[in-house]
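Undergrad: build the 3D model from these lines:
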Amino acid sequence: MDLSGGDILSRFIFSKRHFSIENRTVKYGAFIPPPNSADLSVFFVSSLTHSEIWEIGRGYVQTDERKLKARADLTVENVYAVNLKVVPDTQPHELHANITPFPLDKRERAALARKLAVASKLEMIPSQDTDSDS
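TA: Next up is the predicted model:
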């Protein structure tokens, strides 16, 4: 897959604590990779409609325990601007990728996550798809 700085990436969000509806902002916690991982899962979505993006989230990321609440959209260029890379990884979906390599140091991870959050745009899941909880 050829990467362009203008390509749009989506990071799916499962917790209300990772965004603010009132401020229409994404909080940095949405961009913290899992513990002991240098990778953050995202999807290339430039060629997709909003409904197709949500279909990927529901079909490949959401589980019974983790219901989609929102997503954060940002560009590949935003990732490059903080000295991280976007690496295509076609599992579990052909449009899947990882933002990498996040440092293992918590402060450094948080600093990068804050920059990505500021650069991202919050997209709320359509109302018929939301559930209550976290």
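
Undergrad: Leu48 should be in a strand, yeah?
TA: No. Residue state for Leu48 (DSSP: H, G, I helix; E, B strand; the rest coil) corresponds to coil; a strand is not indicated.

Undergrad: how far away is it from His93?
TA: 11 Å (Cβ to Cβ, to the nearest Å). Heads up, the C-betas are built off the backbone N, CA and C, glycines and all.

Undergrad: need the overlap of contacts for those two.
TA: Common neighbours of Leu48 and His93 (criterion: Cβ atoms under 8 Å, 6 or more residues apart in numbering): Ile56.

Undergrad: could you point out the longest helix in the chain?
TA: Longest helix in the chain by number of residues (criterion: DSSP state H): helix 106-119.

Undergrad: which residues in the protein form strands?
TA: Taking DSSP state E as the criterion, the chain carries its strands at 8-13, 19-20, 25-26, 40-44, 70-75, 85-88, 96-100, 121-124.

Undergrad: now distance to Arg107 too, for those strands, in CSV please.
TA: Shown next, in CSV, are the strands of the chain (distance: least, Cβ to Cβ, whole Å):
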stretch, distance to Arg107
strand 8-13, 21
strand 19-20, 22
strand 25-26, 20
strand 40-44, 17
strand 70-75, 21
strand 85-88, 21
strand 96-100, 18
strand 121-124, 25
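
Undergrad: so can I have JSON lines of these showing mean pLDDT?
TA: Putting the strands of the chain into JSON lines (pLDDT from 0 to 100) gives the following:
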{"stretch": "strand 8-13", "mean pLDDT": "98"}
{"stretch": "strand 19-20", "mean pLDDT": "98"}
{"stretch": "strand 25-26", "mean pLDDT": "98"}
{"stretch": "strand 40-44", "mean pLDDT": "97"}
{"stretch": "strand 70-75", "mean pLDDT": "98"}
{"stretch": "strand 85-88", "mean pLDDT": "96"}
{"stretch": "strand 96-100", "mean pLDDT": "97"}
{"stretch": "strand 121-124", "mean pLDDT": "98"}
